[in-house]
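In: okay, sequence plus prediction incoming.
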Amino acid sequence: QLQLVESGGGLVQPGRSLRLSCAASGFTFNYYDIGWFRQAPGKEREGISCISSRSNTNYANSVKGRFTISRDNAKNTVYLQMNSLEPEDTAVYYCAAHLAADPFCRSAGTYDYWGQGTQVTVSS
């Protein structure tokens, strides 16, 4: 059964860091491009970062320079290291997968598989 499971969310103070994980199972992970999205209350789902099967990366302007995406194909896991967190980063964070293709970063509606999400709250 194909599955994506996010973990690592929580409550953190502004300026601190969190690392999210997206663990995959049930499919050939290294054949897939992975994206991280987030959705804050009352807002649309926003794509924030993506990584290709070959580890090419891309970031939204809102997180560039603060977030780093990486993948470990041996562990079937993608990570999102989030530094210098801001209250505006508060959202449910989701990872998603699509079969590797160009472009590797895509809109949410084109991803085939999604995790259940993990809550990140940035507050003092």
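Out: Good, I have the coordinates.

In: helices and strands around the helix or strand harbouring Thr68, which ones?
Out: Using DSSP states H and E, the element containing Thr68 is strand 67-72. Strand 67-72 sits against strand 32-39, strand 46-51, strand 57-59, strand 77-82, with contacts defined as 3 or more CB pairs under 8 Å, 6 or more residues apart in numbering; DSSP states H and E. Glycine gets a C-beta too; all of them are placed from N, C-alpha and C.

In: now these in JSON lines, with mean pLDDT, mean neighbour count and distance to Gly15?
Out: Output for the helices and strands packed on strand 67-72, formatted as JSON lines (pLDDT from 0 to 100; neighbours: other CB atoms under 10 Å; distance: least, CB to CB, whole Å):
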{"stretch": "strand 32-39", "mean pLDDT": "97", "mean neighbour count": "24", "distance to Gly15": "19"}
{"stretch": "strand 46-51", "mean pLDDT": "97", "mean neighbour count": "21", "distance to Gly15": "19"}
{"stretch": "strand 57-59", "mean pLDDT": "97", "mean neighbour count": "16", "distance to Gly15": "19"}
{"stretch": "strand 77-82", "mean pLDDT": "98", "mean neighbour count": "22", "distance to Gly15": "11"}
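
In: between the ones you listed, which gets nearest to Pro14?
Out: Between Pro14 and the helices and strands packed on strand 67-72, the tightest spacing by CB to CB is seen for strand 77-82, at 12.0 Å.

In: make TSV out of the helices and strands packed on strand 67-72 and add distance to Gly10.
Out: As requested, those are exported to TSV (distance: least, CB to CB, whole Å):
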stretch	distance to Gly10
strand 32-39	14
strand 46-51	18
strand 57-59	22
strand 77-82	11
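
In: and of those strands, who's closest to Thr90?
Out: Thr90 sits nearest to strand 32-39 of all the helices and strands packed on strand 67-72, at 8.9 Å, using CB to CB.

In: adjacent strands (with direction) for the closest one?
Out: Strand 32-39 has the following strand partners under DSSP bridges: strand 46-51 (antiparallel), strand 91-99 (antiparallel).

In: on that earlier part again, could you pull out the buried residues of the strand holding Thr68?
Out: 67, 69, 71 (16 or more other CB atoms under 10 Å).
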